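Participant: below is the sequence, then the predicted model.
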Amino acid sequence: RKEVEQDPGPFNVPEGATVAFNCTYSNSASQSFFWYRQDCRKEPKLLMSVYSSGNEDGRFTAQLNRASQYISLLIRDSKLSDSATYLCAVPDKYNFNKFYFGSGTKLNVKP
Amino acid sequence: EAQVTQNPRYLITVTGKKLTVTCSQNMNHEYMSWYRQDPGLGLRQIYYSMNVEVTDKGDVPEGYKVSRKEKRNFPLILESPSPNQTSLYFCASSSRTLTLAGTDTQYFGPGTRLTVL
């Protein structure tokens, strides 16, 4: 089983819609989680860190479900500029210097 | 400007010809790491470094070497590149906070697209 798994999508949504995607992780002891945004062929950039039950930053909300071992990213009022691939990342359970990334979920926001 | 730089940005080479991809950061970060990104496989960690002269293997270290002689630089070396190392490579750095509760943000370089023929 992969350490981190994501639905590749694409998720095609109209502007203004609310969209959510999940990231499942295999290590039940994980304490920190990260959502990165990656534009086509560009470097990933940190969108949000999650260290407890969740985090919120403007239109973006990350929620952690420990019982089911997944983190979700909710985007409200989608903008065209939100179109990107969203990667989640989780440190290794024995070594916080090792990271596992999901393969990413592609979001297309359409006018 | 705080940044991570990589060179070259694009490289086409042939099997077996040794190459080095450089990575440099100007943020005085202790932690640096190399990843490769392939379609459908996401980012996979190759090597990381906790500080000068301290390096360790990531998830996919085979065929790669690294060194960390200075804090700001973390070159990736392919001694004998093969076609299966054709990929998009990213270097990243962070000011390491090694705790159970959290780790610091990783800042990524712009990427190096390598093709091995």
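Facilitator: The structure has been received and is ready for your questions. Numbering: from 1, shown residues only, chains lettered A, B, ... in the order given.
Participant: low-confidence bits of the chain, can you list those?
Facilitator: With no chain named, the answer covers chain A. For chain A, residues meeting the criterion pLDDT under 70 lie at A:1.
Participant: meant chain B, my bad for not saying
Facilitator: Scanning chain B for pLDDT under 70 picks out the ranges B:96-103.
Participant: dump the residue contacts of residue A:6.
Facilitator: A:21-24, A:86-88, A:102-105, B:42 (Cβ atoms under 8 Å, 6 or more residues apart in numbering or on different chains). Glycine gets a C-beta too; all of them are placed from N, C-alpha and C.
Participant: for chain B, longest strand please?
Facilitator: strand B:42-51 (DSSP state E).
Participant: show residues contacting that one.
Facilitator: With Cβ under 8 Å, 6+ apart as the contact definition, strand B:42-51 has outside contacts at A:4, A:6, A:44, A:87, A:89, A:97-104, B:30-38, B:55-61, B:64, B:66, B:68, B:71, B:74, B:76, B:89-90, B:96.
Participant: which two among the contacts of residue A:6 are spaced furthest apart?
Facilitator: A:22 and B:42 (15.1 Å; Cβ to Cβ).
Participant: in chain B, which spans are helices?
Facilitator: Remark: no helices are assigned in chain B by DSSP state H.
Participant: residue boundaries of the strands in it?
Facilitator: Under DSSP E, chain B gives strands at B:4-7, B:10-13, B:19-25, B:31-38, B:42-51, B:54-57, B:65-66, B:76-78, B:87-94, B:107-108, B:112-116.
Participant: would you format those as CSV with mean neighbour count included?
Facilitator: Output for the strands of chain B, formatted as CSV (neighbours: other Cβ atoms under 10 Å in any protein chain shown):
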stretch, mean neighbour count
strand B:4-7, 18
strand B:10-13, 13
strand B:19-25, 19
strand B:31-38, 24
strand B:42-51, 22
strand B:54-57, 15
strand B:65-66, 18
strand B:76-78, 19
strand B:87-94, 24
strand B:107-108, 22
strand B:112-116, 18
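Participant: in space, what's closest to residue B:79 - neighbours in sequence excluded?
Facilitator: residue B:18 (5.5 Å; Cβ to Cβ, 6 or more residues apart in numbering or on different chains).
Participant: and if you look at residue A:20?
Facilitator: With sequence-adjacent residues excluded and distances taken as Cβ to Cβ, 6+ apart, residue A:20 is closest to residue A:74, at 4.5 Å.
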